[in-house]
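Student: What shape does this take:
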Amino acid sequence: MPSQLTVLGGCGAWPEPARACSGFLLEHAGARIAIDLGYGTAPRLFAALNSPVADGLDAVIVSHHHPDHMVDLHALLRARWFGRRGASAIPLYAPDGVVTSLIELEDGDRTAVSKVFDWHPIPAPEQTAGPFRLDSVLLPHYVPNAGIRLTAPGLTVAYTGDTGPTPAVADLGRASDLFIVDATSRPGRPESAASALNLTAAAAGQAAAAAAASRLMLTHFWPGNDRKASKADAARAFGGEILLAEEGTVVSLP
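Tutor: Numbers count the residues shown, from 1 in each chain. Here you go, the predicted model:
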């Protein structure tokens, strides 16, 4: 199995036609780890795994409980509960709000959630997810959001989830091979108007430059946003390769 990252979705808030919200599949050293599962990502995940019940998925990491980052975790729950009941629980690394939301979608019944997933709360001190050391840190957002750093010999991948500007973002992505960063620029808003709780594309470029990351992937594009303009905004600060989180893109790693 090659080391690679597949983009399941790159939209923020809601998905544009033929697109999906935040989601990625990371494959390394024989392991497959899903990172965020927003609107429209579940069918793409099942296709990438070549399994309608997610056979071969080793772990899931979810940054926070906003639905554009986790609602299709419920689709995965149903696939496993109805299609692979009795199978080993899949490790789930997520803030407690994610699990609370899943239980709410199950009409308050914890049974399926507790059987399908083996929950590990984040942010938390160093953990292990498949072949990776998982470091997670609280980043500023409307709800608790865990920035994620995955490290294995020869490979480091970092992901902000959603975050406002903070020095912790550069620390999260320090010397990473691929740094996936929130770039929630909105049409009609000046690029300089950075939110306290989301990054613009320009701010994402600045964070990647401060982190000395090898490659930057911009994600969480607001529907209707000009993605090429976002890339140009990020490039003013970051001189390395800039990728866009386009659905179906496969990035070879490191």
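Student: Determine the three-state secondary structure at Lys231.
Tutor: Judged by DSSP: H, G, I helix; E, B strand; the rest coil, the three-state class of Lys231 is helix.
Student: Now for it: which residues touch it?
Tutor: Neighbour list for Lys231: 201, 218, 242, 244 [criterion: Cβ atoms under 8 Å, 6 or more residues apart in numbering]. For the C-beta atoms, the positions are set from N, CA and C on the backbone; glycine is no exception.
Student: Switch those over to a markdown table; also include secondary structure.
Tutor: As requested, these are exported to a markdown table (three-state DSSP):
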| residue | secondary structure |
| --- | --- |
| Ala201 | helix |
| Leu218 | strand |
| Ile242 | strand |
| Leu244 | strand |
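Student: would JSON lines of the residues you listed with neighbour count, distance to Ala79 and pLDDT be doable?
Tutor: Compiled in JSON lines, the contacts of Lys231 are given as follows (neighbours: other Cβ atoms under 10 Å; distance: Cβ to Cβ, whole Å; pLDDT from 0 to 100):
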{"residue": "Ala201", "neighbour count": "32", "distance to Ala79": "34", "pLDDT": "95"}
{"residue": "Leu218", "neighbour count": "28", "distance to Ala79": "30", "pLDDT": "98"}
{"residue": "Ile242", "neighbour count": "22", "distance to Ala79": "34", "pLDDT": "98"}
{"residue": "Leu244", "neighbour count": "19", "distance to Ala79": "29", "pLDDT": "98"}
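Student: closest to Ala89 among those?
Tutor: Closest approach between the contacts of Lys231 and Ala89, by Cβ to Cβ: Leu218, at 33.6 Å.
Student: so the closest one touches Ser185, yeah?
Tutor: No. In this structure, Leu218 is not within contact of Ser185 by Cβ atoms under 8 Å, at 9.1 Å.
Student: what is in contact with those two at once?
Tutor: 201, 230.
Student: Now for Pro140: which residues touch it?
Tutor: Pro140 neighbours (Cβ under 8 Å, 6+ apart): 163-164, 166, 196-197.
Student: Tell me where the stretch 1-150 of the chain is predicted with low confidence.
Tutor: The model of the stretch 1-150 of the chain has no residue with pLDDT under 70.
Student: Strands of that one, start to end?
Tutor: Using DSSP state E, counting those that start in this stretch, the strands of the stretch 1-150 of the chain run over 4-9, 23-28, 31-37, 59-61, 90-94, 117-121, 127-129, 132-139, 145-152.
Student: follow-up on the earlier one: buried members of the contacts of Pro140 into ChimeraX, please.
Tutor: Those of these that count as buried under 16 or more other Cβ atoms under 10 Å are selected in ChimeraX with:
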select :163,164,166,197
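Student: Of the contacts of Pro140, which belong to helices?
Tutor: Cross-referencing those against helices under DSSP state H gives no overlap.
Student: Using TSV, lay out the contacts of Pro140 together with pLDDT and distance to Leu25.
Tutor: Formatted as TSV, these follow (pLDDT from 0 to 100; distance: Cβ to Cβ, whole Å):
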residue	pLDDT	distance to Leu25
Thr163	97	22
Gly164	95	27
Thr166	96	27
Ala196	83	31
Leu197	92	27
